[in-house]
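Visitor: what's the 3D shape of this:
(chains A, B, C and D)
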Number of protein chains: 2
Amino acid sequence: MAGVKNKDKGKEHKQKNRGRIAGLLRKSGLKATKGRVEVLTLFLEAGRPLAQMQIMDLLGMKLDRASVYRTLSAFTDAGIIHMAYVDGRHRVYELPDKCGAQSCHPHFSCRGCGMTACLEDFHVHYRGTLGKGFVAERQKVLIEGLCPDCKKT
Amino acid sequence: MAGVKNKDKGKEHKQKNRGRIAGLLRKSGLKATKGRVEVLTLFLEAGRPLAQMQIMDLLGMKLDRASVYRTLSAFTDAGIIHMAYVDGRHRVYELPDKCGAQSCHPHFSCRGCGMTACLEDFHVHYRGTLGKGFVAERQKVLIEGLCPDCKKT
DNA sequence: AACACAAATGCGACATAATTGCAAAAACTT
DNA sequence: AAGTTTTTGCAATTATGTCGCATTTGTGTT
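Guide: Here you go, the predicted structure:
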């Protein structure tokens, strides 16, 4: 399973990205440590929401549990990521690039395998009153169901 | 062992409800044990979402922690309750009486004090496609904002 | 380029939430 | 009322998340 071979091209590319991402971190007032660069790279490459456990799995013990938590916390404080939703017992984070100030795009969560995805073409409209004195600042929508794979079974 | 005194009127009422609720449980294929009746009664009387901890508090040690968890799980499997949302680290459950098969009513969560509420007059419509092969079974909507109290500050 | 300082990491300890195994108790069946 | 099955209570275990502290790592400075 473990691919030991690295193409030089890929290596170069990684190095370049590394610098770019490190810059991103510094711009947000964070030190560009190895772990942080790895985690941010994950988010940028995954293109989907990630939870702490998934990050650990993808990183393969390269980073301590506590550090991942602290990284997520630091990123959240810095606004680099934000909590997309809570999936069972896991807090799921994502880049805020597709979210407006008031509403985050909806998310999909598969009841079968737990896979999650962003629904960018999915629009939610709501009508009604919150009640006297309430102010709505943000909406979070989660669609639960089955992904194609789990549907087949 | 504790609290031996009961007003007769309240007792009668409680007894009646007890039978009704026990019936409800049996109809769902669950044994009507003391603990389950107590918990379901709580849900019916509270009229608001409840988390395990709140149930424990309200029941006052009458039921073991593990039993509460198992009760909530059994109720959820039976469809008597469902998880409304996750509040911090707590899973909050509620009766599904105000929810349709495919959509639960939205919830409101105050950014200031953390208070949560059900929005029954709030209707959510969504339009768009999930993607090939995906099946939507349920939607959960959370509105975040400020409650009247926190707004004043 | 080397240094020094602040900040982040790893690790272990701790805290809390949730689950499981099993013997004892309670609920349903007849 | 006796027998069967499920549920409960308790203890032990797992999982999730935090915290303190010694050590390492970035970063700006010399």
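Visitor: after the one helix or strand in chain A whose mean pLDDT sits lowest comes which helix or strand?
Guide: Using mean pLDDT, DSSP states H and E, strand A:123-127 stands out as the lowest-scoring helix or strand of chain A, at a mean of 67. Where DSSP states H and E defines the elements, the next helix or strand beyond strand A:123-127 is strand A:135-146.
Visitor: in the sheet, who's paired with the residue nearest the centre of chain A?
Guide: By Cα atoms, centre = their mean, chain A has its centre lying nearest to A:E94, at 2.5 Å. On the basis of DSSP bridges, A:E94 is bridged to A:H82.
Visitor: That one touches A:A51, doesn't it?
Guide: No - using Cβ atoms under 8 Å, A:E94 is not in contact with A:A51, being 10.0 Å away. (Each C-beta comes from the backbone N, C-alpha and C, glycine too.)
Visitor: Whether stretch A:23-40 contacts DNA strand C - can you check?
Guide: Yes - Stretch A:23-40 lies within reach of DNA strand C by Cβ under 7 Å from any atom of the strand, at A:L30, A:K31, A:T33, A:K34, A:G35, A:R36.
Visitor: buried residues in stretch A:85-96?
Guide: By 16 or more other Cβ atoms under 10 Å in any protein chain shown, the buried positions in stretch A:85-96 come out as A:Y85, A:V86, A:D87, A:H90, A:R91, A:V92, A:Y93, A:E94, A:L95.
Visitor: all helices for chain A, in order.
Guide: A:8-27, A:34-46, A:52-59, A:65-78, A:148-152 (DSSP state H).
Visitor: From the contact counts, what lies against the fourth one?
Guide: Applying 3 or more Cβ pairs under 8 Å, 6 or more residues apart in numbering or on different chains; DSSP states H and E, we find helix A:65-78 packed against helix A:34-46, helix A:52-59, strand A:90-94.
Visitor: Worst mean pLDDT among those?
Guide: Here the lowest mean pLDDT among the helices and strands packed on helix A:65-78 goes to strand A:90-94, at a mean of 88.
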